[in-house]
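**Q** Need the 3D shape of this:
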Amino acid sequence: MSVGAASPSSPDPDWIQAAVALVIRANQGPEILLIKRACSERDPWSGHMALPGGRRDPTDDSLQATAVRETLEETGLDLARVGVPLGRLDDVRPGTVRLPKLTVTPFVWGVPADARAHAASREVDAVHWVPLDTLRRPETHRDVDIPLPGGSRTFPCYRVAGDIVWGLTYRILRQFLAIYPDSAVRAP
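**A** Numbering: from 1, shown residues only. Prediction:
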């Protein structure tokens, strides 16, 4: 796995395409932007911690444009203006048939230390800049029991900002941290 210019997997007409932005802010130590999704009966990821992003709109020129648009809509952060595209990660898909058939393409962006974000949409309850060092700490890694139809299951997670990061977002962050050792992450 590596961040690079590889194109997203071929669109499958049976799968919804989505994109997220893994935004790195150059502060005293690099930080990653996470959102906490607002509670909604229509959202299968209601109340979860996530990366900003969403489904591709027919007007989006590309999945990268989807990530830029969704980040602006959800956090007020204009990646087209202040961001530097750093690459993309491997596509991820939900591991259960209970969720929509969805392919998520993560794009990595760097933003300056003074970049600001806020909950700019009803879909977002809060935004958090989480230090990469926090995600690397062993005490941040835990397991969480998630109630599902048919019984509870245990999943790996991060515990940050008083909440858990699990599922697709956890898998994307793990992929990123596996690629970039401490000393390799440098945002503009």
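**Q** What residues does the residue lying closest to residue 109 once chain neighbours are set aside make contact with?
**A** Setting aside the residues directly before and after it, residue 109 is nearest to residue 83 in space (Cβ to Cβ, 6 or more residues apart in numbering), at 4.3 Å. Every residue, glycine included, has its C-beta placed from N, CA and C. Residue 83 makes contacts with 23, 68, 77, 109, 110, 111, as judged by Cβ atoms under 8 Å, 6 or more residues apart in numbering.
**Q** these two touch, right, residue 102 and residue 14?
**A** No: assessed by Cβ atoms under 8 Å, residue 102 is found out of contact with residue 14, at 10.7 Å.
**Q** So which of those two has more stuff around it?
**A** Between residue 102 and residue 14, counted using other Cβ atoms under 10 Å, residue 102 has the larger neighbour count: 15 against 6.
**Q** Give the bridge partners for the more buried one, please.
**A** With DSSP bridges as the criterion, residue 102 is bridged to residue 16.
**Q** That one and residue 93, how far apart?
**A** Distance of residue 102 to residue 93, given as Cβ to Cβ, to the nearest Å: 6 Å.
**Q** Give me the common contacts of the two.
**A** Common neighbours of residue 102 and residue 93 (Cβ under 8 Å, 6+ apart) are residue 15.
**Q** any idea whether the residue with the largest distance to the centre of the chain is helix, strand or coil?
**A** Going by Cα atoms, centre = their mean, the residue of the chain most distant from its centre is residue 150, 27.7 Å out. Of the three states, residue 150 takes coil according to DSSP: H, G, I helix; E, B strand; the rest coil.
**Q** Check the one 5 residues further on too.
**A** Here residue 155 is strand, with the state taken from three-state DSSP.
**Q** so where's this protein shaky on pLDDT?
**A** 1-13, 40-47, 96-100, 181-188 (pLDDT under 70).
**Q** Strands along that one, start to end?
**A** Ranges of strands in the chain, per DSSP state E, are 16-25, 31-37, 49-50, 53-55, 84-88, 102-111, 124-131, 141-146, 153-160, 163-165.
**Q** Now the residue nearest the centre of the chain: phi and psi?
**A** Of all residues in the chain, the one closest to the mean position by Cα atoms, centre = their mean is residue 51, 2.5 Å from it. Per-residue torsions, residue 51: phi -90, psi 150 (degrees, to the nearest 10).
**Q** now the one 10 residues further on
**A** For residue 61, the backbone dihedrals (degrees, to the nearest 10) come out as phi -70, psi -30.
**Q** returning to that earlier point: compute the distance between the residue nearest to residue 109 and residue 179, please.
**A** Remark: distance between residue 83 and residue 179 (Cβ to Cβ) = 19 Å.
**Q** and what of residue 123?
**A** For residue 123, the distance to residue 179 - Cβ to Cβ - is 29 Å.
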